[in-house]
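Novice: The sequence and its predicted three-dimensional model are supplied below.
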Amino acid sequence: MVYFDVASAAPLHAVARQALEASLDEGWADPSRLYREGRRARLLLDAAREAAAEAVGCRPDELVFTSSGTRAVHDGIAGALAGRRRAGRHLVVSAVEHSSVLHSAAAHEDLGGTVTQVGVGREGRVPVEAFREALREDTALACLQSANHEVGTEQPVTEVADACREAGVPLFVDAAQSLAWGPVPGDWSLLAGSAHKWGGPAGVGLLVVRKGTRFAPQGPADERESGRAAGFENIPGIVAAAAALRAVRAEAAGEAARLRELTDRIRTRVPELLPDVEVVGDPAHRLPHLVTFSCLYVDGESLLHGLDHAGFSVSSGSSCTSGTLTPSHVLRAMGVVSEGNVRVSLPLGAAAADVDRFLDVLPGVVTGVREKLGAPTAGAEGSADSVTVDALGLTCPRPVIELGRAITRVRVGGTVTVLADDEVAAVDIPAWCFTQGHEYVGAEQREAGGALYTVRRGI
């Protein structure tokens, strides 16, 4: 098996394993106690904090360890909003933030706050000017990830941080996906990370609150971690997390260029090997190890099962791999095809031979799924002026498959109307039109349920 899903969780780094085993014997005591065992545990905790702070690019007393990256996000956003309550209750986030950030935003709204989501382009990158315009006099906090977890697009953190600084608004950065590759640039105010993303153990996160940032920890008071993270410190896990971060940083400097060449190979070769494939994410401003593409007319769950059977572990933002059958909010915000979505995220040391074998295997797996679903093939121009397709009750990717079949029956300039009640159709039909060169006319909601989607044939 070849594991190509480090964006979800990286395998425990060898250095982290060694540090974990060693600190299990030395770091079990309460670091707040003055006896010998406590002092020894405190030394380990302080050394780990200094190492992590150096990697992040902050002062050690600005960094605390949490029980997870998600906990760091929730505590960081809640504390920053509470600390800035007098300034206002308006929160700005990008539309492609990690779900933990969006869940925090939803909780803020439930408590009476207001939230503005800044949209992104088809490459998943936030326009700096749009973010600047979202800032208001009552904005308490802004949130922008350093790099997207699903498509790898790097965000303009430096420019957005400058805009926030001019507006007097602190910027919170979710840096979970990028910390392995280097410090986050810019004059940000708060930052969160998660150890299992860089080869540390799960259950360890970090939260940075830079000096001068108003912050009021929420929840019951706790004397641990400067009052910003409740609970007894997991010292062995913290030590292993800091050791892993330092180790992967040392490797990343040399690996970044090599892995970028491999993901560039995937970005180039997949559309050559398969028709009706869209590579998504920014081609230049992106993480070096991550590439995402979507295959039309493919059931995402079957695709991932097929790749798993062929020996490759990858992930997907496809609606067809979700129990709710709703597409990834990231792909939805970008307006790209969500069906048959594949995310490949290469580990440090990934072999070029494994990437080549993946490219050898992929066409057969995709073709097999398309044949099973009866995917359309390119056809001649039809003669009909209009065709209506009843796709009620059909789920992703079948409404688009039916649309693809019907478009060959109309002349250029003719229309196809698809009646569908699958929520994903609202995303995938416009995206299909964009990739296939047809005009998406619009959608009309029906009182009886579902919607009528109209498409005009362009080629």
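Specialist: Perfect, thanks for sending it. Computed from a predicted model, the values in this text were never measured in an experiment. Numbers count the residues shown, from 1 in each chain.

Novice: From now on I want contacts and neighbour counts done on CA atoms only, so please keep to that.
Specialist: Will do.

Novice: Could you look up the SS state of Gln18?
Specialist: Following DSSP: H, G, I helix; E, B strand; the rest coil, we place Gln18 in the helix state.

Novice: What about it, how many residues nearby?
Specialist: Gln18: 13 surrounding residues under other CA atoms under 10 Å.

Novice: Show me the helices in the stretch 351-459 of the chain, by range?
Specialist: Ranges of helices in the stretch 351-459 of the chain, per DSSP state H, counting those that start in this stretch, are 352-373, 398-407, 425-436.

Novice: Give me whichever of those helices is most buried.
Specialist: Counting by mean count of other CA atoms under 10 Å, helix 398-407 has the highest mean neighbour count of those, with a mean of 23.

Novice: That one vs helix 425-436, what angle?
Specialist: 40 degrees (axes from the mean of the first three to the mean of the last three CA atoms, to 10 degrees).

Novice: Helix 398-407 packs against which elements?
Specialist: Packing partners of helix 398-407 (3 or more CA pairs under 8 Å, 6 or more residues apart in numbering; DSSP states H and E): strand 384-390, strand 410-420, helix 425-436.

Novice: closest one to Glu444 among the helices of the stretch 351-459 of the chain?
Specialist: Closest of these to Glu444 is helix 425-436, at 10.7 Å (criterion: CA to CA).

Novice: hmm, who's touching that closest one?
Specialist: With contact meaning CA atoms under 8 Å, 6 or more residues apart in numbering, helix 425-436 is reached by 276, 278, 296, 332, 335-339, 396, 399-400, 439-440, 453, 455.

Novice: Low-confidence bits of the protein, can you list those?
Specialist: Residue ranges of the chain with pLDDT under 70: 319-326.

Novice: excluding its backbone neighbours, what's nearest the residue positioned nearest the centre of it?
Specialist: Closest residue to the average C-alpha location of the chain: His149 at 2.3 Å, with CA atoms, centre = their mean. Spatial nearest neighbour of His149, chain neighbours left out: Gln177 (6.1 Å); criterion: CA to CA, 6 or more residues apart in numbering.

Novice: with the contacts of helix 425-436 in mind, which one is nearest to Gly113?
Specialist: Distances from Gly113 to those, taken by CA to CA, are shortest for Arg332, at 24.6 Å.

Novice: element containing that closest one, please.
Specialist: Taking DSSP states H and E as the criterion, the element that holds Arg332 is helix 329-334.

Novice: try Val342
Specialist: Using DSSP H and E, the element containing Val342 is strand 341-345.

Novice: Same check on Val64?
Specialist: Taking DSSP H and E as the criterion, Val64 maps to strand 63-66.

Novice: and that strand, what does it pack onto?
Specialist: Against strand 63-66 (3+ CA pairs under 8 Å, 6+ apart) you get helix 36-56, strand 205-209.

Novice: Would you tell me what the next helix or strand after the helix ranked longest in the chain is?
Specialist: Longest helix in the chain, counting residues (DSSP state H): helix 235-273. Downstream of helix 235-273, the next assigned helix or strand under DSSP H and E is strand 277-280.

Novice: Mind listing residues that contact the strand holding Val342?
Specialist: By CA under 8 Å, 6+ apart, strand 341-345 touches 4-7, 150-151, 289-295, 300, 304, 314-318.

Novice: In helices only, show me these.
Specialist: Judged by DSSP H, the contacts of strand 341-345 include 300, 304 as members of helices.

Novice: Show the buried residues in the contacts of strand 341-345.
Specialist: Buried by 16 or more other CA atoms under 10 Å: 4-7, 150-151, 289-295, 300, 304, 314-318, out of these.

Novice: hang on, Ala7 packs against His149?
Specialist: Yes: judged on CA atoms under 8 Å, Ala7 makes contact with His149 at a distance of 6.5 Å.

Novice: list residues touching both of the two?
Specialist: Gln177.

Novice: if I pick the nearest residue to Ala229 once chain neighbours are set aside, what's in contact with it?
Specialist: Leaving aside its sequence neighbours, Ala229 sits nearest to Thr66 (CA to CA, 6+ apart; 5.6 Å). Contact analysis of Thr66 by CA under 8 Å, 6+ apart lists 72, 204-207, 229-230.

Novice: how far away is Thr66 from Asp428?
Specialist: Distance of Thr66 to Asp428, given as CA to CA, to the nearest Å: 38 Å.

Novice: ditto for Asp308
Specialist: Going from Asp308 to Asp428 by CA to CA gives 25 Å.

Novice: same check, this time on Gly393
Specialist: With distances taken as CA to CA, Gly393 is found 16 Å from Asp428.

Novice: Buried only: go through the contacts of helix 425-436 for me.
Specialist: Buried members of the contacts of helix 425-436, scored by 16+ other CA under 10 Å, are 278, 296, 332, 335-339, 396, 399-400, 439-440, 453, 455.

Novice: Going by distance to Gly83, which of those wins?
Specialist: Arg332 (32.7 Å).

Novice: In space, what's closest to the closest one - neighbours in sequence excluded?
Specialist: In space, Arg332 is closest to Val427, 6.2 Å off (CA to CA, 6+ apart).

Novice: And the one you found, how far from Gly442?
Specialist: Going from Val427 to Gly442 by CA to CA gives 12 Å.

Novice: Surely Ile296 touches Ser318?
Specialist: Small correction: residue 296 is Leu, not Ile. No: with contacts counted by CA under 8 Å, Leu296 stays clear of Ser318, the gap being 10.9 Å.

Novice: looking at this, Gly112 is in a strand?
Specialist: No: using three-state DSSP, the assignment for Gly112 is coil, not a strand.

Novice: contact partners of stretch 300-318?
Specialist: For stretch 300-318, contacts defined as CA under 8 Å, 6+ apart pick out 1-5, 150, 319-321, 327-328, 331, 338-345, 358, 361-362, 365-366, 369.

Novice: switch to 7 Å and redo it
Specialist: 1-5, 320-321, 327-328, 338-344, 365-366, 369 (CA atoms under 7 Å, 6 or more residues apart in numbering).

Novice: Report the contact partners of Ala16.
Specialist: 200, 240-241, 243-244.

Novice: hmm, 8 Å instead?
Specialist: Counting by CA under 8 Å, 6+ apart, Ala16 touches 199-201, 239-241, 243-244.

Novice: nearest to Arg36, of these?
Specialist: Val239 (18.6 Å).

Novice: Touching, the closest one and Glu21? I think so.
Specialist: No: assessed by CA under 8 Å, Val239 is found out of contact with Glu21, at 10.0 Å.
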